[in-house]
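> next come a sequence and a model predicted from it.
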Amino acid sequence: MIELDRVTFGYVRSAPIFQDFSWKAGRGEAWAVLGASGCGKSTLLSLLAGLVFPSSGQVCIDGLPLTRPRPQTGLIIQDYGLLPWSTVRENVELGLRVRNFYGPDGTHAPRSYDSSLNVNPWLDRLGILEVAGQYPGQISGGQRQRTAIARTLALRPDLLLMDEPFSSLDAPTREGLQRLMLELWAEQALTMVIVTHSIEEAAVLGQRILLLKKAPNRVAHVIENPGAADVHFRESDAYVRRVRALREQMEGA
Ligand SMILES: Nc1ncnc2c1ncn2[C@@H]1O[C@H](COP(=O)(O)OP(=O)(O)OP(=O)(O)O)[C@@H](O)[C@H]1O
């Protein structure tokens with residue numbers, strides 16, 4: 001589904017963050033991108049989202065070179081990006097309204113396009129139906145993040161990119177949302193890429209973990225972590241060992 005082929009990227013007047021960097025992710029996989037601050041995790045997400053482009057090499061999604069943001073890619077950023085003057089329901093409808101205006105191909109709305117704004121199933125699935133009439137300022141951080149997730153999933157993405165989605169939440173809320181993401185990932189047949197600087201989060205959410213090191217990243221260090229999809233993985237010895245191993249690998253970065 002995702003293929004980075006010898007990608008080189010650096011911001012203007014800055015040293016490259018990725019140099020001849022190649023990486024592949026298959027359809028339906030759950031990836032965590034882990035690394036210390038400044039190693040290029042968010043930049044990788046921007047490359048995957050089609051927000052920035054390599055100076056050489058290619059980013060391909062589903063075999064097609066990425067030349068602009070793709071309508072089937074959902075991006076969830078750290079501060080939720082909710083409109084404070086709109087209710088939870090209006091925020092969840094927002095992506096669908098924009099898509100109805102521009103159409104799923106990003107240029108125009110074809111007649112055949114289903115323009116329904118029925119977001120109730122998503123509000124229900126994300127557990128925010130009872131706060132649907134409230135404004136972002138009146139709900140908790142966890143509910144705000146659920147709203148952002150509902151808004152993105154209502155667009156039925158096949159690729160979900162998340163940048164430090166739970167970093168500002170307290171531990172029980174974060175763990176609840178991590179569990180929910182794993183359920184949604186399995187339920188919706190999503191390909192998921194979650195950027196995190198938390199070793200524990202990477203171990204819980206990433207069936208495969210891409211470890212970025214100090215820039216420039218030239219090699220994709222991939223750690224297999226098949227236990228992640230299991231709801232009880234967090235309580236297992238294998239999880240403790242995985243976290244320890246990841247910490248050692250990060251310290252050696
Ligand atoms: N828009 C930009 N213009 C110039 N430099 C940038 C820009 N965005 C990020 N950088 C720089 O690129 C490098 C990688 O940044 P990036 O945000 O991708 O790292 P990160 O691993 O996500 O870090 P963090 O965990 O702190 O968010 C950093 O040195 C950062 O200062």
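Sure thing, it's come through. Numbering: from 1, shown residues only.
> what's the host helix or strand of Gly57 packed up against?
Applying DSSP states H and E as the criterion places Gly57 in strand 56-61. Contacts defined by 3 or more CB pairs under 8 Å, 6 or more residues apart in numbering; DSSP states H and E place strand 56-61 against strand 2-9, strand 18-25, helix 41-49. C-beta coordinates here come from the backbone N, C-alpha and C atoms, glycine included.
> the same query, at a cut-off of 7 Å, please.
If you count contacts as 3 or more CB pairs under 7 Å, 6 or more residues apart in numbering; DSSP states H and E, strand 56-61 packs onto strand 2-9.
> neighbouring contacts of the strand it packs on?
With contact meaning CB atoms under 7 Å, 6 or more residues apart in numbering, strand 2-9 is reached by 16-25, 43, 47-48, 52, 54-61.
> swap the cut-off to 8 Å and go again
By CB atoms under 8 Å, 6 or more residues apart in numbering, the surrounding residues in contact with strand 2-9 are 16-25, 43, 47-48, 52-61, 63, 159, 191, 193, 220.
> what subset of those residues is also close to the ligand?
Among the contacts of strand 2-9, proximity to the ligand is found for Ile17, Thr43 (CB under 6 Å from any ligand atom).
> hang on, the earlier thing: any idea how far the strand holding Gly57 is from the chain center?
Strand 56-61 sits 19 Å away from the centroid of its parent chain (CA atoms, centre = their mean, to the nearest Å).
> could you give the angle of it to strand 18-25?
With axes from the mean of the first three to the mean of the last three CA atoms, to 10 degrees as the basis, strand 56-61 and strand 18-25 are set at 20 degrees to each other.
> how far away from the center of its chain is the helix or strand following strand 56-61?
For strand 56-61, the following helix or strand on the C-terminal side (DSSP H and E) is strand 64-65. In terms of CA atoms, centre = their mean, the centre of strand 64-65 is set 20 Å apart from its chain centre.
> gap between Lys214 and the ligand?
10 Å (CB to the nearest ligand atom, to the nearest Å).
> so that residue makes contact with Cys39?
Yes: judged on CB atoms under 8 Å, Lys214 makes contact with Cys39 at a distance of 6.2 Å.
> ok, the two, which is more surrounded?
Cys39 (22 against 11; other CB atoms under 10 Å).
> next up, the contacts around the residue nearest to the more buried one when sequence neighbours are not counted.
Closest residue in space to Cys39, ignoring its immediate chain neighbours: Leu212 at 4.3 Å, by CB to CB, 6 or more residues apart in numbering. By CB under 8 Å, 6+ apart, Leu212 lies in contact with Val33, Leu34, Gly35, Cys39, Gly40, Lys41, Leu44, His221.
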